[in-house]
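Chemist: the sequence and its predicted three-dimensional model are supplied below.
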Amino acid sequence: MRPRRRGKAARLIPYRFGSANKLTKNDRLALAFDAFVLSEIIGRAVTIGKIVHGDCSIVLKVKLASLIKSIQKRIKAIDALLVDSSPPDLVLNRHCSQCEFQTRCRRIATEKDELTLLSGMSAKERKKLRDKGIFTVTQLSYTFRPRRRERRPLGQQEKFHHSLRALAIRENKIHTVDLSNLKFSGMPVYLDVEGLPDRDFYQLIGLRVGIGDSAIQYCWWADNSDREKCIWNEFIDVLSALPDPQLIHFGNYETIFLKRMRERYRTSHAGSIAAIAINNALNLLSLIYARIYFPTFSNGLKEIASYLGFRRRCSLASGLRSDCLEVPLGGFKRPWAEAGTPQLQQRGL
């Protein structure tokens, strides 16, 4: 940028361009890194940067002073890793699915029985266990001690125990803590939704309606945001035609979907069959958490389904590989027929 007055140095402003409509902290850090490199080259501080992003080419002005300090800390940490002759600790995280080395890292962690295999365990928790001499999942499994359960206020979340999950893995059994509130009523209707969070747009709604030992599937696709309301209305029409439907989904994504779509279009009247089903939608993951411990390293649907005897057409299935649909082994009645009946063991805490 040219100076407004003579004798004043020109101000340099780095720009970054991206297609994302919603920016993350990493986008700002990338801009801060550009500014840091530029400031090192010209020998002068760069305090302002801009990001041009989204479908409408929105320009965001970013103050970089605090971000550059964060970049400098990260550079020091990288320097320390490069100087150290030993490799850094192996850590599995949610970004592994985007990495080409995920299979290799997973294999090494499995061979060493690393604590990082247990999803949801923070680095601070792992360090605390290592300070106690606990380095593997198997060692952690021997630390679980059942205790008398305390009376908790209604609605208070049960505490999750990594040691009980480790015990379930070692014994290859499903351990349960509290199944008293796991009650289902009505016709089961399984919901799955896909969308583009960056654009706040839902493009696919899938339903599977259980009828005895069989099922009927519905699928609605929206090519653009204009079609989103159409597929929502079609979803409401099917839901309204079912007798006493019980919506069931896995994870918080569908919870947010139902809330946003109901506020966005308001197509179901209060007290209608569809409105009641949406209000009483059941998130299986919230019921499983801290109550049912599968012998899996996470509560991910793929891992649990695999333990129960389901398989996929490809091992690295994801949203980008939507052709890798789950295929039940042994039929709809007993999906775990090929793997044997899972063993359950009640645990008191």
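Modeler: It's in. Residues are numbered from 1 along each chain as shown.

Chemist: in the protein, which spans are helices?
Modeler: Remark: helices assigned in the chain by DSSP state H are 25-42, 65-83, 102-112, 123-131, 137-141, 162-171, 228-240, 252-265, 273-279, 284-288, 301-307.

Chemist: any buried residues in the last one, and which?
Modeler: Okay, so that is helix 301-307. K302, I304, A305, S306, Y307 (16 or more other CB atoms under 10 Å). The C-beta positions use only the backbone N, C-alpha and C, and glycine is treated the same way.

Chemist: Q72 and I248: what is the separation?
Modeler: 49 Å (CB to CB, to the nearest Å).

Chemist: neighbour-wise, which of these two wins?
Modeler: Ranked by neighbour count (other CB atoms under 10 Å), Q72 and I248 place I248 first, with 19 against 12.

Chemist: now do the contacts for L239.
Modeler: V189, L207, P245, L247, I273, A274, A277, I278 (CB atoms under 8 Å, 6 or more residues apart in numbering).

Chemist: name the nearest of those residues relative to V91.
Modeler: Within the contacts of L239, proximity to V91 (CB to CB) peaks at L247, which comes in at 36.5 Å.

Chemist: how many residues are close by that closest one?
Modeler: 22.

Chemist: hang on, isn't it packed against I278?
Modeler: Yes - between L247 and I278 there is a contact under CB atoms under 8 Å: 6.6 Å.

Chemist: any idea how far A168 lies from V52?
Modeler: Counting by CB to CB - A168 and V52 are separated by 50 Å.

Chemist: between the two, which one's more packed in?
Modeler: A168 (23 against 12).

Chemist: what is the burial count for the nearest residue to E228 once chain neighbours are set aside?
Modeler: Spatial nearest neighbour of E228, excluding adjacent residues (CB to CB, 6 or more residues apart in numbering): A222 at 4.9 Å. Neighbourhood size, A222 [other CB under 10 Å]: 18.

Chemist: list the contacts for A222?
Modeler: Contacts of A222 by CB under 8 Å, 6+ apart are F201, Y202, Q203, L204, E228, C230, I231.

Chemist: look up how far Q139 lies from it.
Modeler: A222 is 50 Å from Q139, by CB to CB.

Chemist: between L247 and I278, which contacts overlap?
Modeler: L239, L258.

Chemist: list the contacts of stretch 183-193.
Modeler: With CB under 8 Å, 6+ apart, stretch 183-193 has contacts from 202, 204-211, 239, 242-250, 253-254, 257, 277, 281-282.

Chemist: rerun at 6 Å
Modeler: 202, 205-206, 208-210, 242, 244-249, 254, 257 (CB atoms under 6 Å, 6 or more residues apart in numbering).

Chemist: among these, name the least confidently predicted one.
Modeler: pLDDT across these is lowest for G210, at 83.

Chemist: tell me the spacing between G212 and D79.
Modeler: To D79, G212 is 64 Å away according to CB to CB.

Chemist: who has more neighbours out of those two?
Modeler: Between G212 and D79, D79 has the larger neighbour count (other CB under 10 Å), namely 10 against 7.

Chemist: spit out the contact partners of the more buried one.
Modeler: Counting by CB under 6 Å, 6+ apart, D79 touches no other residue.

Chemist: how far away is it from Q72?
Modeler: Taking CB to CB, one finds D79 at 11 Å from Q72.

Chemist: now swap in S119 and tell me
Modeler: 31 Å.

Chemist: show me where pLDDT drops low in the stretch 1-150 of the chain?
Modeler: Filtered on pLDDT under 70, the stretch 1-150 of the chain yields the residue ranges 1-9, 148-150.

Chemist: sorry, back to before: can you tell me which of the buried residues of helix 301-307 lies nearest to Y289?
Modeler: Y289 lies nearest to I304 out of those, by CB to CB, at 12.0 Å.

Chemist: give me the local confidence score for the closest one.
Modeler: pLDDT, I304: 93.

Chemist: count residues in the vicinity of the nearest residue to it once chain neighbours are set aside, would you?
Modeler: Of all residues not flanking I304 in the chain, F294 sits nearest, at 5.3 Å (CB to CB, 6+ apart). By other CB under 10 Å, the residues close to F294 number 20.

Chemist: isn't F294 right up against E303?
Modeler: No - counting by CB atoms under 6 Å, F294 stays clear of E303, with 7.6 Å between them.
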